[in-house]
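> fold the following for me, if possible:
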Amino acid sequence: TFGFLGGVSRIKGTFELLKAWELLGVPNTEAKLIMGGIPRHHDLNLAAKWLRRLAGLTQFRTYWQWCERLWRKLGGCELREFQRDLSPFFDEIDVLIFPATRDHFPRPVIEAAAFGVGSIVTRLPSLTDVVEDGVTGFTCAVSDPCALAETMRRCVRDREVVRRIGIQAHRKYGATFSTT
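Numbering: from 1, shown residues only. Have a look, this model is predicted:
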């Protein structure tokens, strides 16, 4: 199970993630994508335009209804609203996806590591400072849905490597953020 935590935003790489999920084409029984967070209001019109083009959706009442239709069309996607307690979210996922298109603080990646969940991130300085490719997670090119889909495919095929990066991410978190 893959997870994404953040708003619908160009900087968060939401659109690249949805395109990668479409390219992945994994049957619902093999993989699941849980997207958690609240959409950012200034990006809703852009998201609506992009999603309409991607999924061929023309009628909707609210943004959430529209997203639900998209998730059903793409298959295996589930949308979650903001939650203060993230432990149920991280307990449910195996890999966090953080496909940022611009450098910014990767709080969800650090939180994932605290829960023993490795991440797939884009090659931006703040992200590669936190994720060591092949050790605590995986890196891929910025704004490249094909590369992201291939990295996700690798995780679907090799459950052992997913388990291993989660353990290493948790160890790195403990060594980096230890209070002793």
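> list the buried residues for stretch 124-144?
Neighbour-count burial for stretch 124-144, with 16 or more other C-beta atoms under 10 Å as criterion, is recorded at 124, 127-128, 130-131, 136-140, 142-144. C-betas here are computed from N, CA, C, even on glycine.
> now the helices for the protein?
Remark: helices assigned in the chain by DSSP state H are 14-24, 44-55, 63-74, 87-92, 107-114, 125-128, 145-157, 159-177.
> picking that back up, now, which of the buried residues of stretch 124-144 lie within strands?
137-140 (DSSP state E).
> picking up where we left off before, among the helices of the chain, which comes closest to residue 98?
Among these, the nearest to residue 98 by C-beta to C-beta is helix 107-114 (5.2 Å).
> got the CA positions of the closest one in PDB?
Taking C-alpha atoms only, helix 107-114 is exported to PDB below (Å, rounded to 0.1, in the frame of the first residue of the first chain):
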ATOM      1  CA  ARG A 107       7.800  16.700   7.200                       C
ATOM      2  CA  PRO A 108       5.700  13.700   5.900                       C
ATOM      3  CA  VAL A 109       8.900  11.800   5.000                       C
ATOM      4  CA  ILE A 110      10.300  12.300   8.500                       C
ATOM      5  CA  GLU A 111       7.000  11.300  10.100                       C
ATOM      6  CA  ALA A 112       7.000   8.200   7.900                       C
ATOM      7  CA  ALA A 113      10.500   7.200   9.100                       C
ATOM      8  CA  ALA A 114       9.400   7.700  12.700                       C
END
